[in-house]
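*Asks:* Predicted coordinates and the sequence they were generated for:
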Amino acid sequence: MKIKPTTEDLIFTLIREYLSFSESIDSLMKMEDTYKQLLLLNPASMPYNFIDFFNNLRTVPLGELVSHEQFENTSLWELANTTLFAGDRLREVAMEFYHDYKENKIDPLQNQQANMRTFLNHCRNAGYREKYQKLYTAVRVRVYNKGFYTNGTCTNEPQVNIQRENEFERWILDLDTRYSLTNEDERFIRNLYDKINGTKEFIICNHCHLPMRDEHNCNNTHVCFVNKRKNKLEKRTYTIGEGESAYIPKPGCVFYNVIPGLEEYRIYNVLKDKFEPMGAKVELFPKLERDGDISVKYEGSTLYIDVKDYRKPEELAHKMNTEPYSFLAIDYIYIPDYRKIYSDYMEVLRGQVNISKIRQTGGKEIQFLNEKQLVEDIHLRLFS
């Protein structure tokens with residue numbers, strides 16, 4: 001029996017599809033379907049036209065569109081007397097509802113993403129800083145792509161990100177040899193992967209090097225298809241035969257860690273290639289991510305970079321405003337160039353983030369920069 005979504009579920013879905021709109025070709029259809037379900041629940045107050053409905057979300061308080069009985073025992077009450085949107089932007093109260101819903105409802109991808117956070121916290125609390133710094137880096141980079149970490153050294157040779165069972169077990173054994181894994185270490189690492197059994201054949205994405213959903217859709221279609229030249233290249237296939245097994249990162253890790261992590265790892269290599277020949281030291285995951293994702297050190301000065309790959313700037317602004325303590329050490333927020341599809345991404349961030357609050361507490365003036373700006377500003381601050 002299929003459980004009918006509540007109004008709370010539907011408003012969350014509406015916000016989620018709005019936030020992911022640029023990355024999903026069927027978002028508009030999902031939003032229209034959500035509207036139709038709300039219409040069935042509120043035939044007397046909802047407009048009988050999707051365009052009018054969306055306009056009402058900007059001009060009419062939600063409590064006039066949805067009966068107040070449907071607000072009971074939900075986190076919707078804060079929205080009853082206000083519109084969902086202010087112009088083209090979600091209101092802050094709508095973002096608070098969205099995050100509150102996500103924190104208190106089951107989201108399989110979010111739960112799987114938590115596996116990486118659990119492993120990170122385990123490494124932070126283990127007490128052997130140097131060992132767990134190296135172990136965390138080795139594991140996280142391997143999850144991004146099995147060709148990025150060889151014999152304890154970061155490389156840049158992406159391969160199909162599927163590990164045959166014997167290959168996976170050899171990797172675990174190599175980690176044990178290098179870092180003396182505890183049973184808990186190994187359990188956390190294995191929990192980042194799903195075991196799959198043959199016979200199966202996959203189409204492999206030219207960007208994330210993972211199995212695609214089909215030849216036109218990937219784990220994050222907007223990001224994986226942003227490079228049109230690469231998209232046109234012939235795609236590889238990968239077969240797991242009958243009786244064979246293999247390991248692949250869990251879907252939540254793929255969406256929230258692997259695909260953003262590929263850009264994180266790429267910009268790390270850009271900075272490494274640019275500044276290490278000049279005498280700087282470029283480090284990935286400094287102090288187990290306590291000070292961002294990347295650090296660049298030169299002659300006693302250190303700059304910290306946090307890579308943020310949020311689909312919509314409102315989400316990142318909300319996180320920075322509600323968790324300013326997480327950004328006190330950061331000098332730069334790096335935004336991938338493929339987010340330019342949202343033309344005013346940087347302007348929205350600079351307008352919505354309370355930079356002065358972070359500056360007053362941490363003493364740093366955070367800048368939001370793309371790749372070219374980041375390289376130029378680091379060069380100016382450290383080498384001029």
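*Replies:* Arrived safely, thanks for sending.
*Asks:* Might you report the residue contacts of Y101?
*Replies:* Contacts here follow C-beta atoms under 8 Å, 6 or more residues apart in numbering; on that basis Y101 touches 8, 12, 75. Every C-beta, even on glycine, is put in place using the N, C-alpha and C of the backbone.
*Asks:* Surely the last one is within a helix?
*Replies:* No: assigned with DSSP: H, G, I helix; E, B strand; the rest coil, S75 falls outside any helix and is coil.
*Asks:* Leaving out sequence neighbours, find the closest residue to it.
*Replies:* In space, S75 comes closest to D100 once its chain neighbours are excluded; the distance is 4.9 Å by C-beta to C-beta, 6 or more residues apart in numbering.
*Asks:* now V254, what's its secondary structure?
*Replies:* V254 is classified as helix under three-state DSSP.
*Asks:* Neighbours of it, how many?
*Replies:* Using other C-beta atoms under 10 Å as the criterion, V254 is surrounded by 25 other residues.
*Asks:* contacting residues for the closest residue to it other than its chain neighbours?
*Replies:* Of all residues beyond its chain neighbours, the one nearest V254 is N219 (4.9 Å), with distances taken as C-beta to C-beta, 6+ apart. For N219, the contact set (C-beta under 8 Å, 6+ apart) comprises 205, 208, 210, 212-213, 251, 254-255, 258-259.
*Asks:* ok, 7 Å please
*Replies:* N219 is in contact with 208, 210, 254-255, 259, counting by C-beta atoms under 7 Å, 6 or more residues apart in numbering.
*Asks:* a strand runs through F202, doesn't it?
*Replies:* Yes: counting by three-state DSSP, F202 is located in a strand.
*Asks:* For it, list each beta-bridge partner.
*Replies:* Y238 (DSSP bridges).
*Asks:* contacting residues for it?
*Replies:* Contacts of F202 (C-beta under 7 Å, 6+ apart): 211, 237-238.
*Asks:* give me that answer again for 10 Å
*Replies:* For F202, the contact set (C-beta atoms under 10 Å, 6 or more residues apart in numbering) comprises 160, 162, 196, 210-212, 235-240, 246, 248.
*Asks:* Check which helices and strands the strand or helix carrying G351 sits against.
*Replies:* Element membership for G351 (DSSP states H and E) is helix 345-352. Helix 345-352 sits against strand 89-90, helix 313-322, strand 367-369, with contacts defined as 3 or more C-beta pairs under 10 Å, 6 or more residues apart in numbering; DSSP states H and E.
*Asks:* Buried ones in that helix, by neighbour count?
*Replies:* 345-346, 348-349, 352 (16 or more other C-beta atoms under 10 Å).
*Asks:* coming back round to it: make JSON lines from the contacts of N219 and add pLDDT to it.
*Replies:* Below are the contacts of N219 laid out as JSON lines (pLDDT from 0 to 100):
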{"residue": "C208", "pLDDT": "94"}
{"residue": "L210", "pLDDT": "96"}
{"residue": "V254", "pLDDT": "93"}
{"residue": "F255", "pLDDT": "89"}
{"residue": "I259", "pLDDT": "93"}
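*Asks:* What are the boundaries of the strands in the chain?
*Replies:* Ranges of strands within the chain are 85-86, 89-90, 149-150, 153-154, 163-164, 193-197, 200-203, 237-240, 245-249, 281-284, 294-298, 301-307, 332-334, 367-369, based on DSSP state E.
*Asks:* Tabulate these in JSON lines, adding columns for distance to F275 and mean pLDDT.
*Replies:* As requested, these are exported to JSON lines (distance: least, C-beta to C-beta, whole Å; pLDDT from 0 to 100):
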{"stretch": "strand 85-86", "distance to F275": "42", "mean pLDDT": "88"}
{"stretch": "strand 89-90", "distance to F275": "37", "mean pLDDT": "86"}
{"stretch": "strand 149-150", "distance to F275": "21", "mean pLDDT": "80"}
{"stretch": "strand 153-154", "distance to F275": "15", "mean pLDDT": "80"}
{"stretch": "strand 163-164", "distance to F275": "33", "mean pLDDT": "96"}
{"stretch": "strand 193-197", "distance to F275": "34", "mean pLDDT": "93"}
{"stretch": "strand 200-203", "distance to F275": "38", "mean pLDDT": "94"}
{"stretch": "strand 237-240", "distance to F275": "36", "mean pLDDT": "95"}
{"stretch": "strand 245-249", "distance to F275": "30", "mean pLDDT": "96"}
{"stretch": "strand 281-284", "distance to F275": "6", "mean pLDDT": "96"}
{"stretch": "strand 294-298", "distance to F275": "6", "mean pLDDT": "97"}
{"stretch": "strand 301-307", "distance to F275": "10", "mean pLDDT": "96"}
{"stretch": "strand 332-334", "distance to F275": "14", "mean pLDDT": "96"}
{"stretch": "strand 367-369", "distance to F275": "15", "mean pLDDT": "94"}
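*Asks:* Dump those strands into CSV; add distance to Q37 as well.
*Replies:* Listed next are these as CSV, based on distance: least, C-beta to C-beta, whole Å:
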stretch, distance to Q37
strand 85-86, 19
strand 89-90, 20
strand 149-150, 46
strand 153-154, 48
strand 163-164, 41
strand 193-197, 32
strand 200-203, 33
strand 237-240, 39
strand 245-249, 33
strand 281-284, 45
strand 294-298, 44
strand 301-307, 37
strand 332-334, 37
strand 367-369, 37
